[in-house]
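K.L.:
Below are the sequence and a predicted model for it; my questions follow.
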Amino acid sequence: MDLEELVGRAKQGDLEAFAEVTRRFQHMAFGYAVALLRDLRDAEDTVQEAFVAAWFGLVGLADPAAFPGWLRTIVRHQAHRVLRRRRLEALPLAAAEAVPTEEARLEEGLDRGRRATALLDAVASLAAPLREVVTLFYVHDCTQQDIATFLGLPLTTVNNRLHAGRAHLKRRTLAMVKDTLEAHRLPDDFAARIGRIVRAREDVVEVLFDPTRLPDPLTELTISDEPRRRAVTVQVVQLLENGLVRCVPLAPIEGLTPGMTVLSSGRRSEDQVSRDVIDGAVRLLAGRGPAAGAPVELLETGIKVIDVMCPLVRGGTVVIAGEYNAGTVVLVEELSRRLRDAAGGVSIFTFVPPGPGLGFQEMWAKEGFTGGTVGTVQTFYFVGEEEWTADRLARLPSVDVVIRMSRELAGLGIYPPVDPCASSSRLLDAELIDQDAVALAARARAALALATGPAAAADLAAQRARKLLRFFAQPFYVAEPYTRRPGVTVSRAEALRACQEILDGVHDALPEEAFYFRGAL
């Protein structure tokens with residue numbers, strides 16, 4: 001299909017047509033932004049913003065054949081905005097002391113970053129007309145004819161400028177420029193970041209994407225509300241089947257309708273949604289739980305610390321809040337695998353702290369995780385706060401269980417690092433299960449307050465508490481490649497019996513290490 005027909009269809013709201021236009025021009029726009037900004041990351045952000053602006057303004061483009069030059073103007077405008085921000089956001093060097101770093105990742109990319117900077121500086125030394133042509137030519141092997149179309153120049157002019165630009169760069173430098181720009185070109189899924197709304201209701205928006213290119217949970221999406229001339233930002237919280245994702249808004253969503261275009265930034269959002277939005281999402285998306293008047297049924301997981309200290313409700317709602325580097329996503333994945341076929345299932349609302357880390361898809365691919373919602377387990381992700389307490393989380397609507405993950409316990413090697421003293425379950429609080437289990441959990445919680453405290457090693461109660469804490473450490477199936485230990489399932493009855501024996505002193509003769517990372521006693 002020729003360009004004019006594609007642009008004409010896109011003007012009429014054809015999402016697939018606009019995606020194809022994006023595919024045809026994304027690398028050209030990226031190269032042009034690189035030539036202006038001399039920064040690869042800023043250039044990718046600029047192109048993303050340019051295509052959002054292009055979608056908004058497409059209806060006003062009178063001549064579809066003028067699209068290349070029109071897009072070029074948008075990219076240049078967005079790039080100049082970035083350049084202005086750079087001047088406005090100049091900070092003293094001392095401000096860098098507060099910026100968190102990842103030393104391993106920094107060391108890994110240092111040489112590559114220096115090389116890219118040096119080569120971009122070399123290209124930047126060319127006169128502007130030569131710089132544009134050279135950069136475009138080496139980004140994704142754009143042809144001279146493509147460049148001529150995008151820049152609105154005769155083909156002979158492009159060829160002459162390319163020849164002159166090459167002459168100004170030494171042969172070895174030119175080869176390095178080619179390799180560097182190709183290594184940093186736009187990802188192939190750039191065009192696949194375009195989706196459309198299929199449903200908007202209360203505090204939830206459902207968006208359809210290419211099923212093979214779903215955005216990560218917590219990715220920031222921009223909805224084009226053309227009738228109101230606005231952009232609405234939402235955040236992905238759940239991945240479903242067949243390309244569908246669920247999102248919560250960071251701004252009011254009144255007036256959003258099916259068919260509206262959605263563009264994925266490809267970046268993780270660090271913005272926290274409001275408490276009202278979280279409350280609404282939990283109320284709307286959580287499982288219905290037991291019917292009114294029906295008995296509440298316990299859902300056994302085979303994970304000792306959960307089944308004893310914060311047992312789940314079949315069909316209920318679980319909130320998991322994790323500190324940074326506390327294995328929160330690992331626990332969600334383990335629960336998803338263990339409970340995916342459980343009747344009634346469970347809804348898991350996970351609050352991860354803001355901060356650096358692998359993207360979800362990257363992490364799932366690396367760890368072999370399934371990700372997303374599977375079987376009867378629904379999983380949702382939100383940006384949370386590390387200081388969120390179990391009591392605060394328990395006040396969310398319809399929450400049955402709160403599981404608090406502890407970085408301190410992870411530092412002690414206790415995995416899963418579930419903090420038994422900061423986690424809770426309404427099965428225990430409302431005494432909805434057998435009284436012996438309720439009493440044992442209360443006794444264990446009181447004892448565990450001594451496990452990491454200043455009590456002397458000779459104190460018998462403290463020794464028993466530390467044994468119980470180590471008994472709660474347990475090999476996970478999803479962690480087998482790292483622990484080199486097979487995952488284990490321990491029945492709730494066995495976990496309760498072992499806890500009772502440890503606290504009663506039945507195993508006082510055994511050292512603490514004997515209880516660590518085991519299954520049943």
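P.N.:
Here it is on my side, so go on.

K.L.:
can you give me the helices in the stretch 201-350 of the chain?
P.N.:
In the stretch 201-350 of the chain, helices defined by DSSP state H, counting those that start in this stretch lie at 275-285, 304-309, 328-339, listed in chain order.

K.L.:
Who are the packing partners of the first one?
P.N.:
What it means is helix 275-285. Contacting helix 275-285 under the criterion 3 or more C-beta pairs under 8 Å, 6 or more residues apart in numbering; DSSP states H and E are the following elements: strand 204-208, strand 244-249, strand 377-383. Any C-beta I mention is one placed from the backbone N, CA and C, and that applies to glycine too.

K.L.:
Looking at those, which is nearest to V21?
P.N.:
Distances from V21 to each of those were compared using C-beta to C-beta; the minimum, 19.0 Å, belongs to strand 204-208.

K.L.:
elements contacting the closest one?
P.N.:
Using 3+ C-beta pairs under 8 Å, 6+ apart as the contact test, the elements touching strand 204-208 are strand 194-201, strand 244-249, helix 275-285.

K.L.:
how about A441, phi and psi?
P.N.:
Backbone geometry at A441, expressed as degrees, to the nearest 10, gives phi -60, psi -40.

K.L.:
and it, what does it touch?
P.N.:
With contacts defined as C-beta atoms under 8 Å, 6 or more residues apart in numbering, A441 is in contact with 308-309, 428.

K.L.:
and the helices and strands packed on helix 275-285 as JSON lines, adding mean neighbour count?
P.N.:
Formatted as JSON lines, the helices and strands packed on helix 275-285 follow (neighbours: other C-beta atoms under 10 Å):
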{"stretch": "strand 204-208", "mean neighbour count": "21"}
{"stretch": "strand 244-249", "mean neighbour count": "23"}
{"stretch": "strand 377-383", "mean neighbour count": "22"}
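
K.L.:
any chance of those in JSON lines, plus mean pLDDT and distance to A167?
P.N.:
Formatted as JSON lines, the helices and strands packed on helix 275-285 follow (pLDDT from 0 to 100; distance: least, C-beta to C-beta, whole Å):
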{"stretch": "strand 204-208", "mean pLDDT": "93", "distance to A167": "49"}
{"stretch": "strand 244-249", "mean pLDDT": "92", "distance to A167": "50"}
{"stretch": "strand 377-383", "mean pLDDT": "91", "distance to A167": "51"}
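
K.L.:
E16: which of these is closest?
P.N.:
The stretch from those with the least distance to E16 (C-beta to C-beta) is strand 204-208; that distance is 11.7 Å.

K.L.:
Would you pull up how far the closest one lies from the middle of the chain?
P.N.:
From the chain centre to the centre of strand 204-208 is a distance of 17 Å (C-alpha atoms, centre = their mean, to the nearest Å).

K.L.:
That one pairs with which strands?
P.N.:
strand 194-201 (antiparallel), strand 244-249 (antiparallel) (DSSP bridges).

K.L.:
among the ones you listed, which is nearest Y138?
P.N.:
Comparing the strands paired with strand 204-208 against Y138 with C-beta to C-beta, the closest turns out to be strand 194-201 (26.3 Å).

K.L.:
Can you give me the buried ones in that closest one?
P.N.:
By neighbour count, with 16 or more other C-beta atoms under 10 Å as the criterion, the buried positions of strand 194-201 are 194-197, 200.

K.L.:
Let me know the pLDDT of the residue nearest to G384 when sequence neighbours are not counted.
P.N.:
Spatial nearest neighbour of G384, excluding adjacent residues (C-beta to C-beta, 6 or more residues apart in numbering): F351 at 2.7 Å. F351 is assigned a predicted lDDT (pLDDT) of 89.

K.L.:
Same check on the one 4 residues further on?
P.N.:
G355 is assigned 66 on the pLDDT scale.

K.L.:
go on, R171?
P.N.:
According to the prediction, R171 has pLDDT 54.

K.L.:
picking up where we left off before, could you dump the helices of the stretch 201-350 of the chain into a markdown table with mean pLDDT and distance to R445 added?
P.N.:
Converted to a markdown table, these look like this (pLDDT from 0 to 100; distance: least, C-beta to C-beta, whole Å):
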| stretch | mean pLDDT | distance to R445 |
| --- | --- | --- |
| helix 275-285 | 84 | 26 |
| helix 304-309 | 98 | 7 |
| helix 328-339 | 92 | 19 |
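
K.L.:
Check those helices for me and report the most buried one.
P.N.:
Mean neighbour count, computed with mean count of other C-beta atoms under 10 Å, is highest for helix 304-309 among the helices of the stretch 201-350 of the chain, reaching a mean of 26.

K.L.:
what about the stretch 401-521 of the chain, any weak spots by pLDDT?
P.N.:
Applying pLDDT under 70 to the predicted model, the residue ranges of the stretch 401-521 of the chain that meet it are 452-458.

K.L.:
if we go to 90?
P.N.:
407, 429-431, 449-462, 479-484, 518-519, 521 (pLDDT under 90).

K.L.:
so where do the helices sit in it?
P.N.:
407-411, 426-429, 435-448, 460-471, 480-483, 492-504.

K.L.:
rewinding a little: of the helices and strands packed on helix 275-285, which is nearest A493?
P.N.:
Between A493 and the helices and strands packed on helix 275-285, the shortest separation by C-beta to C-beta is 23.3 Å, and it involves strand 377-383.

K.L.:
now the angle between helix 328-339 and the closest one, please.
P.N.:
Going by axes from the mean of the first three to the mean of the last three C-alpha atoms, to 10 degrees, strand 377-383 is angled at 170 degrees with respect to helix 328-339.

K.L.:
Which secondary structure elements does strand 377-383 sit against?
P.N.:
Under the contact rule (3+ C-beta pairs under 8 Å, 6+ apart), strand 377-383 is packed against strand 230-239, helix 275-285, helix 328-339, strand 346-352.

K.L.:
mind checking which of these is nearest P475?
P.N.:
With respect to P475, and counting by C-beta to C-beta, the nearest of the helices and strands packed on strand 377-383 is helix 328-339 at 10.3 Å.

K.L.:
Strand 346-352 and that closest one, what's the angle between them?
P.N.:
The directions of helix 328-339 and strand 346-352 differ by 170 degrees, with the same axes, to 10 degrees as the criterion.

K.L.:
Identify all contacting residues around stretch 213-222.
P.N.:
Residues external to stretch 213-222 that are found in contact with it (C-beta under 8 Å, 6+ apart): 52, 189, 192-193, 195, 207, 209, 231-239, 243, 245, 247, 250, 262-269, 271, 352, 359-361, 372, 380-383.

K.L.:
buried subset of those residues?
P.N.:
In the contacts of stretch 213-222, burial by neighbour count holds for 52, 192-193, 195, 207, 209, 231-239, 243, 245, 247, 250, 262-266, 268-269, 352, 359-361, 372, 380-383, counting by 16+ other C-beta under 10 Å.

K.L.:
rewinding a little: would you list the helices of the stretch 401-521 of the chain in TSV and tack on distance to V277?
P.N.:
TSV is the format used below for the helices of the stretch 401-521 of the chain (distance: least, C-beta to C-beta, whole Å):
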stretch	distance to V277
helix 407-411	27
helix 426-429	24
helix 435-448	32
helix 460-471	37
helix 480-483	36
helix 492-504	35
